[in-house]
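Q: quick one, structure for this:
(one chain, ligands or ions: 1)
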Amino acid sequence: MALEKVCLTLPTRAGPVSILRDVDLKARSGQSLAIVGPSGSGKTSLLMVMAGLERATSGKVSVAGHDLSGLSEDELALIRGAEIGIVFQSFHLVPTMTALENAALPLEFAGDRDAQNTARALLEEVGLGHRMDHYPAQLSGGEQQRVAIARALSRKPKLVLADEPTGNLDRSTGSTVVDLLFGLQQRRKSTLILVTHDEKLAEACDRIIYMADGRIEREREAALA
Ligand SMILES: Nc1ncnc2c1ncn2[C@@H]1O[C@H](COP(=O)(O)OP(=O)(O)OP(=O)(O)O)[C@@H](O)[C@H]1O
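A: Purely as a prediction, here's the structure:
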């Protein structure tokens with residue numbers, strides 16, 4: 001994943017607002033990065049640009065060797081599905097689908113005939129073998145987040161983006177979810193980029209990126225790296 005001189009300017013009633021300014025960032029496969037910074041500093045916007053959910057106004061965004069800037073919406077959607085896994089704070093599961101159906105969804109979309117079996121194996125891997133046929137409302141927050149992680153990682157994406165993945169969870173459930181996320185990321189050698197306000201979680205990543213006012217202010221290696 002590489003960002004070169006990425007700027008994001010969005011129109012508002014009060015005129016254009018500069019959200020990201022000249023952001024340069026590179027992350028290798030197998031690396032984990034924490035994006036930290038005050039509220040409104042542009043962390044989520046940065047994640048959205050990396051995910052191709054928001055188009056950079058200028059600069060270059062590359063994911064798994066693809067330059068996202070020149071792509072059509074359809075091409076972007078294909079690359080997002082194949083190369084990028086996204087985990088949100090609020091789990092975004094489909095309420096009318098079971099854990100298994102939710103986890104299998106990206107694989108079904110990709111036409112994978114083995115979708116159900118792969119999803120079943122993934123749910124076992126995240127410790128939910130006994131909850132496959134439960135609906136999201138019948139699962140705890142930590143269990144729902146584990147389904148969301150299984151779903152995000154089902155197509156073995158090279159880039160995993162997580163926005164406050166433990167934000168809605170208590171400390172102990174949060175740390176189970178984090179261990180799982182890091183474990184899967186390391187086994188798959190994917191790049192993990194997460195936005196967090198949790199210092200402990202940031203220190204568990206390889207690098208910590210500090211954002212302020214739409215810019216990368218500084219970065220350092222994490223203490224535990
Ligand atoms: N669609 C939009 N239109 C205009 N301004 C926006 C839009 N989305 C975000 N912003 C502004 O961009 C800035 C960065 O927002 P962003 O959500 O990326 O910050 P953040 O660092 O993730 O904040 P938080 O920690 O509170 O989630 C904020 O000032 C926000 O008000």
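Q: make it CA atoms for all contacts and neighbour counts henceforth
A: Noted.
Q: which other helices and strands contact the worst-scoring helix or strand of the chain on mean pLDDT?
A: Across the helices and strands of the chain, mean pLDDT, DSSP states H and E gives its lowest value to helix 171-188, namely a mean of 89. Counting contacts by 3 or more CA pairs under 8 Å, 6 or more residues apart in numbering; DSSP states H and E, helix 171-188 is packed against helix 141-153.
Q: can you give me the offset of the least confident helix or strand of the chain from its chain's centre?
A: 13 Å (CA atoms, centre = their mean, to the nearest Å).
Q: C-terminal to that helix, what's the next element?
A: strand 191-195 (DSSP states H and E).
Q: what about the nearest residue to Ala104 once chain neighbours are set aside, how many neighbours?
A: Excluding the flanking residues, the one nearest Ala104 by CA to CA, 6 or more residues apart in numbering is Ala119, at 5.0 Å. Counted by other CA atoms under 10 Å, the residues lying close to Ala119 total 28.
Q: just to revisit the earlier point, and the least confident helix or strand of the chain with strand 191-195, angle?
A: Orientation check (axes from the mean of the first three to the mean of the last three CA atoms, to 10 degrees): helix 171-188 against strand 191-195 gives 150 degrees.
Q: helices of this structure, residue ranges please.
A: Assigned by DSSP state H, the chain shows helices spanning 43-50, 73-83, 99-109, 115-125, 141-153, 171-188, 199-203.
Q: counting by contacts, list what the fifth one packs against.
A: Think helix 141-153. If contacts are counted by 3+ CA pairs under 8 Å, 6+ apart, helix 141-153 sits against strand 84-87, helix 99-109, helix 115-125, helix 171-188.
Q: now the first one - C-alpha only, CSV.
A: Written as CSV, here are the backbone C-alpha positions of strand 84-87 (Å, rounded to 0.1, in the frame of the first residue of the first chain):
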residue,chain,number,x,y,z
ILE,A,84,-9.1,-5.0,0.6
GLY,A,85,-10.8,-6.2,3.8
ILE,A,86,-12.6,-3.6,5.9
VAL,A,87,-13.6,-3.9,9.6
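Q: residues in contact with it?
A: Identification of contacts with strand 84-87 by CA atoms under 8 Å, 6 or more residues apart in numbering yields 51, 148-149, 152-153, 157-163, 165.
Q: what does this structure put close to the ligand?
A: The interface of the chain toward the ligand, taken as CA under 6 Å from any ligand atom, is made up of Leu10, Thr12, Ile19, Pro38, Ser39, Gly40, Ser41, Gly42, Lys43, Thr44, Ser45.
Q: picking that back up, tell me if I'm right that the residue nearest to Ala104 and Pro106 touch.
A: No. Counting by CA atoms under 8 Å, Ala119 does not reach Pro106; the two are 9.7 Å apart.
Q: what residues are shared contacts of the two?
A: If you check Ala119 and Pro106 against CA under 8 Å, 6+ apart, the residues they both contact are Arg151, Ser154.
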